[in-house]
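Chemist: structure of the sequence below:
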Amino acid sequence: MTVMTTAHVRQIEALLSHDISGVVDAVVTTSRDDAGAVAFHLVVGPPDRPRECDRIEFTLDPEHARALLSGGPDRPALVPCRVGVEFGSAR
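Modeler: Presented below is the predicted three-dimensional model:
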């Protein structure tokens, strides 16, 4: 398990402090396993050409999913997750 230090938090906050330069079409779905972990499945790209789409999945342990959902506008949550990426052009 990775421990997030104060330096890690500051680096992440710096990355999040500016707007993303571009926006693309995507679809997100979720699933939950028997242990309560939550997975988000993100398909990025043109929906009419699924083989060209990139796929991203990130999974949160149950306690991290709860922390993420309990955060508010004045209290953004910063939680660890596991990420998988598959690029459409690689297939």
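
Chemist: this structure: helices as residue ranges?
Modeler: 6-16, 62-70 (DSSP state H).

Chemist: can I get the first one in CSV, CA atoms only?
Modeler: What it means is helix 6-16. This file holds the C-alpha atoms of helix 6-16, laid out as CSV (Å, rounded to 0.1, in the frame of the first residue of the first chain):
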residue,chain,number,x,y,z
THR,A,6,2.3,15.8,2.7
ALA,A,7,4.7,16.3,-0.2
HIS,A,8,2.6,13.9,-2.3
VAL,A,9,-0.6,15.8,-1.4
ARG,A,10,1.0,19.2,-2.3
GLN,A,11,2.1,17.8,-5.7
ILE,A,12,-1.3,16.4,-6.5
GLU,A,13,-3.0,19.7,-5.4
ALA,A,14,-0.6,21.6,-7.7
LEU,A,15,-1.7,19.3,-10.7
LEU,A,16,-5.3,19.9,-9.9
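
Chemist: hmm, back to that, between the helices of the chain, which gets nearest to P76?
Modeler: Among these, helix 6-16 comes nearest to P76, with 8.2 Å by C-beta to C-beta. Bear in mind the C-beta positions are built from the backbone N, C-alpha and C, glycine included.

Chemist: show residues contacting the closest one.
Modeler: L78 (C-beta atoms under 8 Å, 6 or more residues apart in numbering).

Chemist: let's go with 6 Å and repeat that
Modeler: Taking contacts as C-beta atoms under 6 Å, 6 or more residues apart in numbering, no residue outside helix 6-16 touches it.

Chemist: can you give me the buried ones in that helix?
Modeler: Within helix 6-16, no residue qualifies as buried by neighbour count (16 or more other C-beta atoms under 10 Å).
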